[in-house]
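S.K.: Okay, predicted coordinates and the sequence, questions at the end:
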Amino acid sequence: MEPDPFPEELADALVGVQRLIRRRLRPQMAAPPLRGAEVELLRLIVARPGIGISDAAKDLYLASNSVSTLVNQLARQGYLTRETDPADRRAARLLPTPAAEARLGEWRTRRAELVRSQVSRLDEADQEALRAALPALRKLAVNLHEETEETEETEETEETQETQETEESEES
């Protein structure tokens, strides 16, 4: 029996729409161009000002050193600042600059205008189908997020158990 092609078709459609939106908007945005991971990090910092690098890495499912590199790049470009965390002087809190908030606001506005104009070109039935699909797409995103968190928690638990077992065997 052939596997259901729907999951792959859905993933391809979602990725394709996202890629085309980025491709259409990039030329309209001020330089320097930002990569996807940079934009994701900026969006997170705007949504959660004061977040630390390790928490940002967990939320974005990236390695801490990758987030540190992104932080350095965005700080050089004037999109974020680092403050020492008063609770832990070794840790930094990440804060968006007005330039970051303006850039993300411009991106959201232009993205909404682009999508609005393209959706208006669809017939009423297709527009309604897209509206009706939104709750299911949001649930899919939540499920993917939760499953990723569960997988990470299981991996962390297994790593901790392996470390404890190694330490116990070394002691005996």
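M.R.: Arrived safely.
S.K.: Could you list every helix and strand in contact with the one helix or strand Trp107 maps to?
M.R.: Here Trp107 sits within helix 98-120, counting by DSSP states H and E. In terms of contacts (3 or more CB pairs under 8 Å, 6 or more residues apart in numbering; DSSP states H and E), helix 98-120 is packed against helix 6-25, helix 36-47, helix 124-171. In this view, the C-beta of every residue, glycine as well, is placed from N, C-alpha and C.
S.K.: what about this protein, any weak spots by pLDDT?
M.R.: For the chain, applying pLDDT under 70 flags the ranges 149-172.
S.K.: The residue nearest the centre of it: what's it in contact with?
M.R.: Geometric centre of the chain, nearest residue: Glu40, 4.2 Å, by CA atoms, centre = their mean. Neighbouring residues of Glu40 by CB atoms under 8 Å, 6 or more residues apart in numbering: Leu60.
S.K.: about what we covered before: any idea which of the helices and strands packed on helix 98-120 is most buried?
M.R.: helix 36-47 (a mean of 18; mean count of other CB atoms under 10 Å).
S.K.: Return the angle between stretch directions for it and helix 98-120.
M.R.: Orientation of helix 36-47 against helix 98-120 (axes from the mean of the first three to the mean of the last three CA atoms, to 10 degrees) gives an angle of 110 degrees.
S.K.: Centre of the chain to helix 36-47, how far?
M.R.: The chain centroid and the centroid of helix 36-47 are separated by 7 Å under CA atoms, centre = their mean, to the nearest Å.
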